[in-house]
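>>> Following is a predicted model, sequence given first.
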Amino acid sequence: MSDVEFKEGLEDVVAGTSEICFIDGKEGRLVYRGYSVEDLAEQTSFEEVVYLLWEGQLPNRSQLQDFTKTLTAMRPLAQPVYDLLMSLPDDTNPMDALRTAVSLAGIYDPDSHDNSYEASYRKAMRLVAQVPTMVAAFERHHQGHDPVAPDAQLSLAENFLYMLTGKRPPALDAHVFNTALVLHADHELNASTFAARVTAATLTDLYSAVTSAVGTLKGPLHGGANEQVMVMLEKIGTVDNVKPWLDHALANREKIMGFGHRVYKTEDPRATILRRLSHDLGEKAQNLHYYDMLEAVRQHIQAKKALYPNVDFYSGSVYALMGIPSELFTPVFAVSRIAGWTAHILEQYRHNRIIRPRADYTGPEHRTFVPLDQR
Ligand SMILES: CC(=O)SCCNC(=O)CCNC(=O)[C@H](O)C(C)(C)COP(=O)(O)OP(=O)(O)OC[C@H]1O[C@@H](n2cnc3c(N)ncnc32)[C@H](O)[C@@H]1OP(=O)(O)O
Ligand SMILES: O=C([O-])CC(=O)C(=O)O
């Protein structure tokens, strides 16, 4: 295989075509189906963005009403999925709970024996509707409270916060949370979406592909970094400790969570928006602790290295200011990214070829076999 070009980590390798999402890593631009993420974050509901990612166009009012009505009706979980979430050990990682719940939901899906495109689309709708219910129900149980049933009067963003707290969220929180969902909805061939597409490309079912994706998102180099940013802030403790703490970490060649990106060579445009939201929410709550810490970290890192914040850097501070606990930051990412995963899986089904690259073999060659009793 030595005549074949090899790129470690598949850096800059184009692994397929897609009409869903465009990233300009040099300029820091992110576009869903031709619309800039800045415009969408400001002006659309998450439901509109899900429709856009799947259908390729923004819905008109009546299309959105029908779409939202169908999605809303799908929010309750199948009883065995609910029972599973209520029976998991107390110390279960919420991403493990979500991965297992998604996998079980596939068995109880009304279309479980139908892998047609139409059935897969319905499965995608059920997952977008039910992942928020799974995450909130597990967290309520974990905190020793009864789960809160979904409220059909509320948007997906409002309803998630309602199911988590049992209270209708303030308008600002609902707006900011909706924006965060829009910002995280898709990101081209990131690791979890790629995992989903590789799985889907064997023509297995949509739940299997999403289960792969949830497991992939969990890792700290990917979606798990948002929780790790808060762990880092806790370890640093105070603004005064930012410089010595970071200098020590950098000297030990540690990765600073929430910095760096495979594609962006400048600031991630989602981080720019989330920084503003983190500031605005902090100011309103008269609690700029996270914001001040994050800004001190950013300034010190950027004084030392050409490294920029990614989407995971500010998102946790936004969620924390809404009272969302840090172990839910990565599951909240999944509440949004389920939209992108399913858009990509459906696109894969429409134009499928199995994804099967090669490895550059570096192991030994031509060894002489030695039978077991002579070794
Ligand atoms: C939703 C998301 O998935 S966004 C990404 C979330 N992940 C994180 O925030 C974890 C921290 N960041 C990282 O680990 C990386 O930047 C990744 C995984 C995002 C990208 O990885 P890669 O594209 O493989 O970049 P790679 O790790 O090769 O970094 C290139 C150089 O920048 C350095 N670097 C990259 N990110 C960081 C970081 N966060 N902290 C310190 N140094 C870093 C590397 O040490 C390397 O330096 P070197 O050339 O001197 O060895
Ligand atoms: O694109 C990536 O590699 C990671 C990322 O930012 C995302 O998944 O949102």
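In hand now; what should we look at? Every value quoted in this text rests on a predicted model; they were computed, and no experiment measured them. Numbers count the residues shown, from 1 in each chain. Ligands and ions are numbered 1, 2, ... in the order given.

>>> what does the protein have sitting close to ligand 1?
9, 190, 221-223, 225, 255-262, 307, 310-312 (CB under 6 Å from any ligand atom). All C-beta atoms are positioned from the backbone trio N, CA, C, and that covers glycine.

>>> Show me which of the residues you listed are buried.
190, 222-223, 225, 256-262, 307, 310-312 (16 or more other CB atoms under 10 Å).

>>> Tell me which entries of these lie within helices.
225, 311, 312 (DSSP state H).

>>> Am I right that the last one is in contact with residue 229?
Yes: at 6.0 Å, residue 312 and residue 229 qualify as touching, with contact defined as CB atoms under 8 Å.

>>> I'd like to know how far residue 309 sits from residue 259.
6 Å (CB to CB, to the nearest Å).

>>> quick check, residue 5 in a strand?
No: Residue 5 sits outside any strand when classified using DSSP: H, G, I helix; E, B strand; the rest coil, being coil.

>>> all numbers from here: first residue = 8
Will do, 8 is the new start, and the previous item becomes residue 12.

>>> can you tell me the residue of the stretch 8-157 of the chain closest to ligand 2?
Residue nearest to ligand 2 within the stretch 8-157 of the chain: residue 30 (7.2 Å; CB to the nearest ligand atom).

>>> Contacts only, for the closest residue in space to residue 192 that isn't next to it in sequence.
Distances taken as CB to CB, 6 or more residues apart in numbering put residue 346 closest to residue 192, at 4.5 Å, once the chain neighbours are dropped. Contacts here follow CB atoms under 8 Å, 6 or more residues apart in numbering; on that basis residue 346 touches 53, 56, 57, 60, 61, 135, 192, 193.

>>> follow-up on the earlier one: tell me the bridge partners for the residue of the stretch 8-157 of the chain closest to ligand 2.
residue 37 (DSSP bridges).

>>> I'd assumed residue 36 was in contact with it.
Yes: between residue 30 and residue 36 there is a contact under CB under 8 Å: 7.1 Å.

>>> More neighbours: these two, which one.
residue 30 (22 against 15; other CB atoms under 10 Å).

>>> and the more buried one, what does it touch?
With the criterion set at CB under 8 Å, 6+ apart, residue 30 makes contact with 36, 37, 38, 194, 195, 270, 271.

>>> if I read this right, the first one contacts residue 42, doesn't it?
No: the pair residue 36 and residue 42 fails to qualify as a contact (CB under 8 Å) at a distance of 11.4 Å.

>>> Leaving out sequence neighbours, find the closest residue to the residue in the chain positioned nearest to ligand 1.
Of all residues in the chain, residue 267 sits closest to ligand 1, at 2.2 Å by CB to the nearest ligand atom. Nearest non-adjacent residue to residue 267, counting by CB to CB, 6+ apart: residue 314, 5.4 Å away.
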